[in-house]
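Colleague: quick one, what's the 3D model for this:
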Amino acid sequence: MSRMEHHDKYNEQVFTGSARASCTDGFGWRSRILTTLLLLRAGYAYVPYSSLESVIEQSKEAYYLALRQTQGTIRTDAPDWGPWLEFFLNALQRQMHRLRQKVEREKLMMGALPELSARLIDLVRDQGRMTIGEAEKLTQANRNTLKQHFRSLVADGHLVLNGAGRGAWYCCNQVEMSVALQSRNVPLGAKR
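Modeller: Got it, this is the predicted structure:
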C-alpha cells in the first residue's frame, strides 16, 4: 500500500468513525475527543479554551449536509472531501474568532485594572501560582494592600483562590491562562 493510499484509508476511518459516533446518541463524545486530540497534536494549543462543539451546534444543518455529501462519496474511487473540509475549516475559523474576541475583552479589562493588580496577574501567570508572601517579596508592596488587590482579582474572576489562611494560594482562571499562552506562543502542556 502506498503512502497516499495509507493516508486516504486513515482519513476514511477517522471520518467515518467520527461521523458514526457523532450521529449516535451518547457517542458523540468520541468524535469530540478524537477531533480535539488530533488538533492538539497538530499544534492548535487554543482548542481547549474555545468550544468547537458549540460552533458546530449552532450550524447543525450545515454540519449534517456536509456530512451526508461527503459520506455519499466516501467509498467511491474519488471521494469528495470538499463539503466536509469546507465546513470543518469554517468551524475552526469561527472557533478561533470566538477565542480572539474573548482574549480582546480580557485585554480591555486588564487595561482598566490598577497597575499593582495587572502586575499580580502577570506574576501569577509566570509562576503558575502564588501566595501573598511570595507576592510581597516580588512586589515589595504592603501585605494588606496585596490582600485587597487579590480579593478584588478573585471577585472579578481574574484569579482563583485555593485554600485558606497561610496556605492559601492564587492561580489564573482558564481565560487568563489562554491569554498567557497566546501572548507567549506556548504549546499546551509545555513546561513554563
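Colleague: for the most centrally placed residue in the chain, what are phi and psi?
Modeller: Most central in the chain under Cα atoms, centre = their mean is Tyr49, positioned 2.0 Å from the mean C-alpha point. In terms of degrees, to the nearest 10, the main-chain angles of Tyr49 are phi -100, psi 0.
Colleague: again, but for Gly128
Modeller: According to degrees, to the nearest 10, Gly128 has phi 90, psi -40.
Colleague: how much space between it and Glu136?
Modeller: When distance is defined by Cβ to Cβ, to the nearest Å, Gly128 is 18 Å away from Glu136. Using the backbone N, CA and C atoms, a C-beta is placed for each residue, glycine as well.
Colleague: next one: Gly165
Modeller: 16 Å.
Colleague: Leu85 now?
Modeller: 54 Å.
Colleague: tell me the pLDDT of Leu181.
Modeller: The confidence metric pLDDT takes the value 49 at Leu181.
Colleague: Leu146 too?
Modeller: Leu146 carries a pLDDT value of 95.
Colleague: show the contacting residues for it.
Modeller: Residues counted as contacts of Leu146 (Cβ atoms under 8 Å, 6 or more residues apart in numbering) are Leu116, Leu120, Ile132, Ala135, Glu136, Thr139.
Colleague: likewise Met130?
Modeller: The contact partners of Met130, taken as Cβ under 8 Å, 6+ apart, are Leu120, Leu123, Val124, Trp169, Tyr170, Cys171.
Colleague: any of these buried? List them.
Modeller: Leu120, Val124, Trp169, Tyr170, Cys171 (16 or more other Cβ atoms under 10 Å).
Colleague: that's a strand at Leu161, yeah?
Modeller: Yes: assigned with DSSP: H, G, I helix; E, B strand; the rest coil, Leu161 falls within a strand.
Colleague: surely it touches Asn173?
Modeller: No: using Cβ atoms under 8 Å, Leu161 is not in contact with Asn173; the gap is 10.9 Å.
Colleague: picking that back up, of Gly128 and Glu136, which one has the most company?
Modeller: Neighbour count, other Cβ atoms under 10 Å: between Gly128 and Glu136, Glu136 has more, with 15 against 12.
Colleague: would you mark the buried spots in stretch 41-56?
Modeller: Tyr44, Ala45, Tyr46, Val47, Pro48, Tyr49, Ser50, Leu52, Val55, Ile56.
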